[in-house]
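Participant: output the structure for:
(chains A and B)
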Amino acid sequence: MIISQKKPREELLAMLSGVKKAVLVGCGECATVCMTGGDEQLEEMKAFLEENGISVLASLVSGTSCNKLLVKKELKEYKDAIAEADCIISMSCGDGVQTVASNVSIAVYPANNTMFLGEVERVGLFTEACRFCGDCVLANTGAICPITKCAKSLTSGPCGGAKGGHCEVNPDNRCAWIMIYEKLQSLGTLEKLDIMTEPKGFSDSAYPRTISLRGSKE
Amino acid sequence: MSKLKDALESKKFAVTAEVAPPKGIDFSHQLHCAEALVGRVEACNVTDFQSASLKAASLGMCIKLQQMGMEPVFQITGRDRSRLAIQGDMLAASAFGIENILTLTGDHTYVGDNRDSKPVFDLDSVGILQAGEILMGGNDMGGNALSGDAPYYFMGSSATPEYEPLDLHLMKMRKKIDAGAKFFQTQGVYSAEPFIRFMDQAEKYGAYILAGIIPLKSAGAARYMNKNVPGINVPDDIIARMKEAENPVAEGIQIAAEMIRELKDKQLCHGVHIMAIGAEENVPLILDAAGL
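Facilitator: This next block holds a predicted model:
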């Protein structure tokens, strides 16, 4: 899941300087779970904007705001409101902002900051789990990601910075490599720690990336 | 030729010290301290933005030392440079006759004094060692041939004798050795027993081990390090000695000298690495007191 967070309201108002009429677009997937772009947050946003002199002409929660064709279809139903509005405020991840923007000819502003790919540990508690490195190493690390869970993304073992098993960067976090060590120990596969690897390459993660499963004819 | 390598290979009890470049452009104090160590230590490490805090670059200070007749150990972390920059700095170092390299992962930028700096960590300590080996083979990491003669490096890394769990640390040490580390300079050592437990394992790997010596400045500083610095454990009796001392700095020098003598007399390691951390002018006094 893509974890997003609301931008500070002051930043949002500064962004919307001069805007009188807006359309709100949320997302029924990740942003709903993150409580940044579901029905309830759109209602709150509408009330907040109207208190600040911006009228909301329409609001919709897209089924999946990263699905460009779906968004295009959904926005068609609101074309009159969009034609009248000064801007659209997207309440999704950074991708949702862009799919909406690619389908309209007015400005689109992000209401959220896109934080990370993570998991829902409990309602309202999200933790980062994957950094999209493009070359998954989890097979040798007891399914604990050192690229993400180690603040330095170290792939050949721990640095010397752990104190009491906790990370020097954020002592709330346990050292990824100590967690990996404990996990491999429990799996009886500690020998995996001795696997010598080449330094991780980054040529496969040169962005922006495109993956097509559609074959060369397309 | 690396004097540090010669000393270690000829089984001499090797001594290295450490200087940090200034946060500025006046190197005179550091050079003055280093000058007092010429002929007394094999080489002098130059830290690379120690504690992720901005200083003049390590390579610049290494060149200054080399030019004044002090053999440098060029510390390279992976924190601030990509593999392109690391290999380039290593080639430049070689062009100035610098052979000793200490490879480190590096403290995170977040704990330093320019917290918004982007942490790089393209290579960790193992990766930097691998880079050095590849350069020594006449190529770069992209598989391209270097022009002219290949460089030579005598490479090492750090070790933390009191790391918990030690097994995990020893695994990383073995990887460093596989990748080309010939020597290790350790975190500060304040008592022989845990160091002996570490050496019982580490010695069989065949790399040279220089025990870290950090002279204490006060009882408070010792307690601070125990609480905040990973891998440092100053025992209570040492803290009590510091607390009772009339002149704590002199007592710290004495304690450091006693530790060095014990390590040397009992042949517990191949040398020592003295990190005076801001009190480099005291290193000759430590050497005097240790009879080195």
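
Participant: quick one: name the residues of chain A near chain B.
Facilitator: By the criterion of Cβ under 8 Å from any Cβ of the partner chain, the positions of chain A lying close to chain B are A:151-163, A:165, A:168-169, A:177-178, A:181, A:190, A:193-194, A:196, A:198-199, A:202. Every residue, glycine included, has its C-beta placed from N, CA and C.

Participant: for chain A, which segments are assigned as helices?
Facilitator: According to DSSP state H, chain A carries its helices in the segments A:9-15, A:30-33, A:39-51, A:68-76, A:79-84, A:94-101, A:146-149, A:176-187.

Participant: swap that for the stretch 101-250 of chain B, please
Facilitator: Ranges of helices in the stretch 101-250 of chain B, per DSSP state H, counting those that start in this stretch, are B:125-136, B:166-179, B:192-202, B:219-228, B:236-244, B:248-265.

Participant: pick the most deeply packed of the ones you listed.
Facilitator: helix B:125-136 (a mean of 24; mean count of other Cβ atoms under 10 Å in any protein chain shown).

Participant: what mean pLDDT would you report for that one?
Facilitator: Average pLDDT, helix B:125-136: 98.

Participant: what does it contact?
Facilitator: With contacts defined as Cβ atoms under 8 Å, 6 or more residues apart in numbering or on different chains, helix B:125-136 is touched by A:156-157, A:159, A:198-199, B:76, B:78, B:83, B:86-87, B:90-91, B:94, B:101, B:103-105, B:123, B:140-141, B:146, B:150-153, B:155, B:157-158, B:172, B:175-176, B:179-181.

Participant: buried members of the residues you listed into ChimeraX, please.
Facilitator: To isolate the buried members of these in ChimeraX, using 16 or more other Cβ atoms under 10 Å in any protein chain shown:
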select /A:156,157,159,199 /B:76,78,83,86,87,90,94,101,103,104,105,123,140,141,146,151,153,155,157,158,172,175,176,179,180,181
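
Participant: in strands only, show me the contacts of helix B:125-136.
Facilitator: If you go by DSSP state E, the contacts of helix B:125-136 have B:I76, B:I101, B:T103, B:L104, B:M155, B:S157, B:S158 in strands.

Participant: can I get those residues in JSON lines with distance to chain A and pLDDT?
Facilitator: Formatted as JSON lines, the ones in strands among the contacts of helix B:125-136 follow (distance: Cβ to the nearest Cβ, whole Å; pLDDT from 0 to 100):
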{"residue": "B:I76", "distance to chain A": "14", "pLDDT": "98"}
{"residue": "B:I101", "distance to chain A": "16", "pLDDT": "98"}
{"residue": "B:T103", "distance to chain A": "12", "pLDDT": "98"}
{"residue": "B:L104", "distance to chain A": "8", "pLDDT": "98"}
{"residue": "B:M155", "distance to chain A": "15", "pLDDT": "98"}
{"residue": "B:S157", "distance to chain A": "10", "pLDDT": "98"}
{"residue": "B:S158", "distance to chain A": "6", "pLDDT": "98"}
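
Participant: please convert the residues you listed to a markdown table, extending it with distance to A:A83.
Facilitator: Listed next are the ones in strands among the contacts of helix B:125-136 as a markdown table, based on distance: Cβ to Cβ, whole Å:
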| residue | distance to A:A83 |
| --- | --- |
| B:I76 | 59 |
| B:I101 | 65 |
| B:T103 | 61 |
| B:L104 | 60 |
| B:M155 | 67 |
| B:S157 | 64 |
| B:S158 | 64 |
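
Participant: of these, closest to A:D135?
Facilitator: B:T103 (23.2 Å; Cβ to Cβ).

Participant: bridging residues for that closest one?
Facilitator: In this entry, B:T103 is beta-bridged to B:I76, B:S157, by DSSP bridges.

Participant: so it touches B:Y153, yeah?
Facilitator: No. Assessed by Cβ atoms under 8 Å, B:T103 is found out of contact with B:Y153, at 9.6 Å.

Participant: nearest to B:T47, of the helices of the stretch 101-250 of chain B?
Facilitator: That would be helix B:125-136 among those, by Cβ to Cβ, at 14.6 Å.

Participant: closest one to A:P208 among the helices of chain A?
Facilitator: helix A:94-101 (10.8 Å).

Participant: which element is B:G60 on?
Facilitator: helix B:58-68 (DSSP states H and E).

Participant: that helix packs against which elements?
Facilitator: helix B:28-35, strand B:43-46, strand B:72-77, helix B:83-95 (3 or more Cβ pairs under 8 Å, 6 or more residues apart in numbering or on different chains; DSSP states H and E).

Participant: and B:G271, what does it touch?
Facilitator: B:G271 touches B:A7, B:L8, B:K12, B:F13, B:A14, B:V15, B:T16, B:E42, B:Y208, B:I209, B:L210, B:A211, counting by Cβ under 8 Å, 6+ apart.

Participant: the first one contacts B:E42, doesn't it?
Facilitator: Yes. Counting by Cβ under 8 Å, B:A7 touches B:E42, with 4.6 Å between them.

Participant: between those two, which one's more packed in?
Facilitator: B:E42 (24 against 20; other Cβ atoms under 10 Å in any protein chain shown).

Participant: could you check how far the more buried one is from A:A162?
Facilitator: Distance of B:E42 to A:A162, computed by Cβ to Cβ, to the nearest Å: 31 Å.

Participant: which residues of chain B lie near chain A?
Facilitator: B:78-79, B:83, B:105-108, B:110-111, B:119, B:121-127, B:130-131, B:141, B:158, B:160, B:163-165, B:167-169, B:171-172, B:174-175, B:178-179, B:187, B:228-231.

Participant: what do you get if the cut-off is 6 Å, keeping everything else the same?
Facilitator: Residues of chain B lying close to chain A by Cβ under 6 Å from any Cβ of the partner chain are B:105, B:108, B:110-111, B:121, B:123-124, B:126-127, B:160, B:168, B:171-172, B:175, B:178, B:230.

Participant: farthest-separated two in those?
Facilitator: So for those, where distance means Cβ to Cβ, the most widely separated pair is B:Y110 and B:D178, at 29.9 Å.

Participant: nearest to B:L285, out of the helices and strands packed on helix B:58-68?
Facilitator: helix B:28-35 (11.8 Å).

Participant: any buried residues in the closest one, and which?
Facilitator: B:Q30, B:L31, B:C33, B:A34.

Participant: could you dump those into a markdown table with pLDDT and distance to A:R214 added?
Facilitator: Shown next, in a markdown table, are these (pLDDT from 0 to 100; distance: Cβ to Cβ, whole Å):
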| residue | pLDDT | distance to A:R214 |
| --- | --- | --- |
| B:Q30 | 97 | 62 |
| B:L31 | 97 | 65 |
| B:C33 | 96 | 66 |
| B:A34 | 97 | 64 |
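
Participant: need the max-distance pair from those residues.
Facilitator: B:L31 and B:C33 (7.4 Å).

Participant: pLDDT averaged over stretch A:180-192 - what is it?
Facilitator: The model assigns stretch A:180-192 a mean pLDDT of 97.

Participant: give me the helices and strands touching the longest strand along chain A, please.
Facilitator: Looking across chain A with DSSP E, the single longest strand is strand A:112-122. When contacts are defined as 3 or more Cβ pairs under 6 Å, 6 or more residues apart in numbering or on different chains; DSSP states H and E, strand A:112-122 packs onto strand A:2-6, strand A:125-130.

Participant: what angle sits between that strand and helix A:94-101?
Facilitator: Angle, strand A:112-122 to helix A:94-101, by axes from the mean of the first three to the mean of the last three Cα atoms, to 10 degrees: 130 degrees.

Participant: enumerate the positions of stretch A:120-137 that are buried.
Facilitator: By 16+ other Cβ under 10 Å, the buried positions in stretch A:120-137 come out as A:F126, A:A129, A:C133.
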